[in-house]
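Enquirer: Below: sequence and its predicted model.
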Amino acid sequence: GAVVSQHPSWVICKSGTSVKIECRSLDFQATTMFWYRQFPKQSLMLMATSNEGSKATYEQGVEKDKFLINHASLTLSTLTVTSAHPEDSSFYICSANLQGQPQHFGDGTRLSIL
Amino acid sequence: SQQGEEDPQALSIQEGENATMNCSYKTSINNLQWYRQNSGRGLVHLILIRSNEREKHSGRLRVTLDTSKKSSSLLITASRAADTASYFCATDPKGYGGATNKLIFGTGTLLAVQP
């Protein structure tokens, strides 16, 4: 149980393109969803916390207009990287949880901007 | 940065040996969790230890927590080649209202178990 699906798993696109990543909790309704960014051989850095029906809470230094988060339902959150540039290339991971339970992670999306 | 520190950064052992990883953190916590990440994949939750617990076991895993030193250790006994992965500690800091509301990850330990 407690499966989180992230799609797509890998994206390559040209500079200036906007890219949308989906995160779905498949067998539970998530209280909260989280978006992380991970550079090669480094740890996960929390970008934002997302609750269904409300605006996401962004961590310091994360541009809200650059990384748009929509959390339309208890099972779906999306992250859109707008006008992506090579420096946005990274591994993006989402997680979801029920209050009081451990976070369950998606398999991540590798984003490469040419 | 609130990020925790882990050591060693990398650890290479033979199958059957034990592996110990350490984690230090900076703030008061509700709980501390350990996760495993295979290369290029998401994270898998291994074990959670609450701030009022000192030791916890799960299968071949043993976790200790010393809140006075703000440190934790993860011991994997009788390691297997399939244990090869990166291991991260993550803290749920106090002040964010409840367990697992927000996680601060450590820097990670890359474990390689040689067959």
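Expert: Arrived safely, thanks for sending.
Enquirer: Show me the shaky parts of chain A.
Expert: Low-confidence segments of chain A (pLDDT under 70): A:1-2.
Enquirer: again, but for chain B
Expert: Using pLDDT under 70, chain B drops low at B:1-3, B:96-101.
Enquirer: in stretch A:17-30, what counts as buried?
Expert: Across stretch A:17-30, burial judged by 16 or more other Cβ atoms under 10 Å in any protein chain shown covers A:19, A:21, A:22, A:23, A:24, A:25, A:28, A:30. Every residue, glycine included, has its C-beta placed from N, CA and C.
Enquirer: With distance to residue A:69 and secondary structure as extra columns, can I get those residues in TSV?
Expert: Converted to TSV, those look like this (distance: Cβ to Cβ, whole Å; DSSP: H, G, I helix; E, B strand; the rest coil):
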residue	distance to residue A:69	secondary structure
A:19	13	strand
A:21	10	strand
A:22	12	strand
A:23	10	strand
A:24	14	strand
A:25	15	strand
A:28	20	coil
A:30	14	coil
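Enquirer: of all those, which two lie farthest apart?
Expert: Pairwise distances across these (Cβ to Cβ) peak at 26.5 Å, for the pair A:19 and A:28.
Enquirer: ranges for the strands of chain B?
Expert: Along chain B, the segments classed as strands by DSSP state E run B:5-7, B:10-14, B:19-24, B:29-37, B:43-50, B:55-58, B:61-66, B:71-76, B:85-93, B:104-105, B:109-114.
Enquirer: Chain A now?
Expert: Here chain A has its strands, by DSSP E, at A:4-7, A:10-13, A:19-25, A:32-38, A:44-51, A:57-58, A:67-73, A:76-81, A:90-97, A:104-105, A:109-113.
Enquirer: Paired strands for the fourth one, with orientation please.
Expert: Just to be clear, that refers to strand A:32-38. Strand A:32-38 sits in its sheet next to strand A:44-51 (antiparallel), strand A:90-97 (antiparallel), going by DSSP bridges.
Enquirer: where's the residue nearest to residue B:81 when sequence neighbours are not counted relative to chain A, distance?
Expert: Nearest non-adjacent residue to residue B:81, counting by Cβ to Cβ, 6 or more residues apart in numbering or on different chains: residue B:115, 4.5 Å away. Applying Cβ to the nearest Cβ, to the nearest Å, the value for residue B:115 to chain A is 23 Å.
Enquirer: ok, now how distant is residue B:39 from chain A?
Expert: The gap separating residue B:39 from chain A is 10 Å, by Cβ to the nearest Cβ.
Enquirer: mind listing what that residue touches?
Expert: B:85, B:86 (Cβ atoms under 8 Å, 6 or more residues apart in numbering or on different chains).
Enquirer: who does the most centrally placed residue in chain A bridge with?
Expert: Note on chain A: the residue nearest the mean C-alpha position is residue A:35, at 3.7 Å, using Cα atoms, centre = their mean. Residue A:35 has these beta-bridge partners by DSSP bridges: residue A:48, residue A:94.
Enquirer: again with residue B:65
Expert: residue B:72.
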